[in-house]
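> Would you be able to build a 3D model of this:
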Amino acid sequence: MAPRTDFPPVRACLFDMDGLLLDTEDIYTLCINLILEKYDRPQLPWPIKAKLQGRPFAAANAIFHEWAKLPIPESEYATQVAALQQEHFPNAKPLPGVETLLGDLGRTRWFEKKRAGSGEPAQKGQRVHIALATSSHTKTFTLKTRNWTELFSVFESHRRVLGDDPRVAPGRGKPLPDIYLLALKTINDSLPEGETPITPEECLVFEDSVPGVEAGRRAGMRVVWCPHPMLKKEYEGREKDVLAGRTGEAGDVDLHQLGELDDGWADYYADLVNFPYEKYGMVIPPAEVELDLAMKEDLSEGVIAQEA
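Residues are numbered from 1 along each chain as shown. Next up is the predicted model:
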């Protein structure tokens, strides 16, 4: 089919975290492999690793233990892996392009501030609202982002949906669309007075996992797929199925959108360096607008509220 080209400009970007913003995927693998080695089990292979990525903890845990067949209770495994993660997660770093991307998107709030002050757009451009939608629970989120609180301050506390958010019903995590629909709701519920609510097709989901891409597609949103190189290799030859959300990860697809191959709703990028904002109708103000008095606000408040 001919790809769609008449999309409206992106007004909201919704982000996964693990393996997309932070390089945590190899840390997850390291912690798991240390335990597997301890009990003379084979190292975690990418075909299994790929099934774990992006999923809620309970679902990923069940898949892992069915494969691993460790000679210890699941509770003991959980204790050991948590201790290793406590040690290694603080070493996580932003992936290439992430710091620039989040900084650029955060700077678009300048358009909103200038309009609020004068009633007129500062120039052709609009704020791109952002939200976080991650399967990581609050405790591990705090651990992973401990050294990057300033970077993550661009995500206002009320626009963060984590894996233990009670608003996401049990069993409704990725690859189902609920977490991204909720992330959009957090944005729409906090838009400035008079701003038109954002629709799903005005959203751009950033994902590294295949279930995550499927979740974004089923939410009716555009998607950027930026996977780990080994995950990309795992799906070699099936990239179009991944981008269309047609890998079958979600099982029952009743009431959820299915994409079509080459429909233009999703794109693959090897990394997030030099992201092509113009392709998605986003305008990024120059760096010097950070000196504008309207931009002098304390963004740490959201971090403090989230960690509390």
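> Got the domain ranges for the protein?
The record assigns the chain these domain ranges, following automatic domain parsing: 12-23+92-307, 25-89.
> Give the other helices and strands that whatever helix or strand F206 lives in contacts.
Taking DSSP states H and E as the criterion, the element that holds F206 is strand 203-207. Applying 3 or more Cβ pairs under 8 Å, 6 or more residues apart in numbering; DSSP states H and E, one finds that strand 203-207 makes contact with strand 12-15, helix 178-188, helix 210-218, strand 222-225. The way it works is simple: take the backbone N, C-alpha and C, and place the C-beta from them, glycine included.
> Kindly export it (C-alpha atoms) in CSV.
Only the C-alpha atoms of strand 203-207 are listed here, as CSV (Å, rounded to 0.1, in the frame of the first residue of the first chain):
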residue,chain,number,x,y,z
CYS,A,203,1.6,11.4,18.9
LEU,A,204,5.0,9.9,18.2
VAL,A,205,5.9,6.9,20.3
PHE,A,206,9.7,6.2,20.8
GLU,A,207,10.3,2.5,21.4
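> Any chance you could list what contacts it?
When contacts are defined by Cβ atoms under 8 Å, 6 or more residues apart in numbering, strand 203-207 is touched by residues 10-16, 20, 54, 133, 180, 184, 212-213, 215-216, 219, 221-226, 272, 280.
> Can I get the buried part of those residues as one ChimeraX selection?
Buried members of those, defined by 16 or more other Cβ atoms under 10 Å, are picked up in ChimeraX with:
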select :10,11,12,13,14,15,16,20,54,133,180,184,212,213,215,216,219,221,222,223,224,225,226,272,280
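> So D241 belongs to a strand, correct?
No - with DSSP: H, G, I helix; E, B strand; the rest coil as the criterion, D241 is located in helix rather than a strand.
> Go ahead and confirm it touches L261.
Yes - using Cβ atoms under 8 Å, D241 makes contact with L261 at a distance of 7.3 Å.
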